[in-house]
Structures are given as structure tokens and as C-alpha cells.
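structure of the sequence below:
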Amino acid sequence: MLWRRLDHRYPGLRSFLGRRFDADNHLGLHLTVGMVLALVALSLFGVLACAVVGIGVAELVHYDARLNAGLADEAARRPELTGLFRTITELGDMPILALVSLVVALVLIAVMLRRRQHQELAALWIIATVGVGELNWLLKAYFQRPRPDNAVYAAGGWSFPSGHSMGSLVVYGMLAYLLLRMVRGRWAQRCIVASVFLLVAAIGFSRAYLRVHWPTDVVGGYAAGTAWLALCIATSETLRRQPTPNPTEPESNE
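As a prediction, the model looks like this:
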């Protein structure tokens with residue numbers, strides 16, 4: 001009954017929603033999912049950001065302190081894990097992410113020049129990986145949150161959001177997206193997704209375990225990175241599905 005009333009009052013609504021959830025439409029399901037995911041991630045980041053600056057859910061900051069102390073106690077009981085997580089956290093260091101970004105960019109550019117394809121992938125890879133670094137720097141400079149004072153080692157820069165979490169999610173997430181476009185086997189695709197998920201999760205946890213970041217820094221980095229990654233992938237899928245224009249018919253000489 002409600003749908004009939006809406007359809008009667010807004011006759012174009014059914015057609016509009018149908019196009020938004022059409023998987024084959026270049027402005028369809030992938031774009032809708034990407035925008036919704038980006039908005040949800042931005043909402044989560046907004047909640048965390050408000051808590052960091054002292055607005056809204058103050059319990060999150062108290063939770064940060066409790067979890068930070070608990071991780072310090074755990075590290076004191078099991079010092080062998082500190083070395084493991086120091087190795088894991090290096091996979092999210094800027095030099096490693098920059099190297100991965102450069103290598104993939106060169107490969108995409110080489111394919112683009114040789115086969116005259118994947119232009120949008122090469123451009124979006126560069127925008128995604130360079131953009132996440134600039135975005136993280138701007139966010140850190142804006143919030144200027146100090147790092148925990150019980151870190152395992154000295155880390156420069158501000159704390160919120162975690163650059164390792166944000167950068168690794170975008171770089172490795174975009175890499176997984178590229179691989180998923182090339183690999184067709186369902187089992188191989190699941191392995192790619194699971195591997196990248198575990199890697200990014202381990203890098204983020206290592207930042208909190210080593211106490212170079214508060215836990216909300218890590219979650220905030222994931223939230224901001226998810227929003228940026230969703231926008232980049234949605235843009236790529238939109239360009240990939242964009243219909244090619246019909247060639248114009250030759251004009252008659254008569």
C-alpha cells in the first residue's frame with residue numbers, strides 16, 4: 001500500500017531506484033554500494049573525531065586508556081610478541097607502501113602504453129595511493145592528537161588517525177581490487193580477500209599493541225581509509241561500465 005502511494009505520488013521513483021540497484025548500469029549497484037559504504041565510514045569517523053576533540057562520546061577516550069594499559073600489561077607478560085608485531089607493523093610503513101604503489105603504478109602504465117587499455121586503472125591507482133597519504137597528513141595536522149606516552153619506540157607525527165591503518169587499507173585494498181579484476185576463480189578471489197583482510201587487520205592491531213597509537217586512532221584510520229577506498233573503487237567501476245558512444249553515421253553527400 002505504501003509503495004503504491006509513493007509510486008502514484010512520485011511516478012519516477014520506481015524507475016530511479018531500479019537504475020540505482022541495477023548491477024549492469026554504469027550508475028547502478030556498485031555506485032550505490034560505494035556511496036553508502038563511504039557515508040557509513042564517514043559517520044563512524046565523525047563519531048571518533050568528536051570524541052577525540054572532546055565532543056560527544058567521551059567514553060571512547062576512556063576506553064582508549066584502559067585498552068592501552070591492558071595491551072602494555074600483555075606485552076610485559078609476552079615480550080616475544082613485541083618483536084613479531086614490530087615486523088608486522090613495518091608492512092604498513094610509508095617506504096613499503098610507497099614501493100608497492102610505485103611498482104604497481106609502473107606495471108599499469110606499461111600495460112596502458114603497450115595495449116592501450118587500463119588507463120582508468122592507472123590513473124585511479126595513482127590518485128588512490130597518493131591521495132590517501134595527503135588526506136592522512138591533513139587529518140593529522142587538523143586534529144593534532146598526541147601519541148601514547150608508553151610506546152615501544154618513538155614515532156614522529158600526530159596520532160589521529162593512524163597512517164599505517166589508513167594507508168595499508170587503501171594500498172593493499174586497491175591491490176586486492178586489481179587482482180580480483182584479473183583472477184576469475186572463486187577460490188582464488190576468496191584467498192585474495194582473506195589475505196588482504198588479515199594483513200590490514202594485523203597491521204592496525206600492531207599499532208595499538210606497540211602503543212604508538214590509541215585504539216581509536218586505528219579505527220579512525222580504517223574508517224577514513226574505507227571511505228576513500230570505496231569512492232575510488234566505485235569510480236573505477238563506474239568508468240568501466242560507462243557505455244561507449246555510438247559512432248556517428250557518415251553524412252550523405254547528396
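
how many neighbours does A151 have?
Close neighbours of A151, defined as other C-beta atoms under 10 Å, add up to 16. Heads up, the C-betas are built off the backbone N, CA and C, glycines and all.

any idea how far V53 is from it?
Distance of A151 to V53, computed by C-beta to C-beta, to the nearest Å: 22 Å.

do the same with C232
The gap separating C232 from V53 is 27 Å, by C-beta to C-beta.

which residue ranges form the helices in the stretch 151-254 of the chain?
Secondary structure of the stretch 151-254 of the chain (DSSP state H, counting those that start in this stretch): helices at 163-182, 186-209, 215-241.

quick one, which of those helices is nearest to G131?
For G131, the closest of those is helix 215-241, at 6.8 Å, according to C-beta to C-beta.

tell me what angle that closest one forms with helix 186-209.
Interaxial angle of helix 215-241 relative to helix 186-209 (axes from the mean of the first three to the mean of the last three C-alpha atoms, to 10 degrees): 150 degrees.

just checking, what packs against helix 215-241?
If contacts are counted by 3 or more C-beta pairs under 8 Å, 6 or more residues apart in numbering; DSSP states H and E, helix 215-241 sits against helix 29-52, helix 59-77, helix 119-143, helix 163-182, helix 186-209.

centre of the chain to stretch 158-165, how far?
Once both centres are worked out by C-alpha atoms, centre = their mean, to the nearest Å, stretch 158-165 turns out to sit 13 Å from its chain's centre.

low-confidence stretches in this protein?
Within the chain, the stretches with pLDDT under 70 are 1-31, 56-58, 115-118, 241-254.

hmm, back to that, how about the helices of the stretch 151-254 of the chain, which one is nearest L91?
Closest to L91 of the helices of the stretch 151-254 of the chain is helix 186-209 (C-beta to C-beta; 5.8 Å).

how far does that closest one sit from its chain's centre?
Distance, centroid of helix 186-209 to centroid of chain: 13 Å (C-alpha atoms, centre = their mean).

repeat that for stretch 183-199.
Distance, stretch centre to chain centre, for stretch 183-199: 17 Å (C-alpha atoms, centre = their mean).

buried ones in it?
The neighbour-count check on stretch 183-199 (16 or more other C-beta atoms under 10 Å) flags I192, V196, L199 as buried.

which of the residues you listed sits closest to T129?
Nearest to T129 among the buried residues of stretch 183-199: V196, at 14.7 Å, using C-beta to C-beta.

okay but that closest one is in contact with Y177, surely?
No - using C-beta atoms under 8 Å, V196 is not in contact with Y177, being 9.4 Å away.
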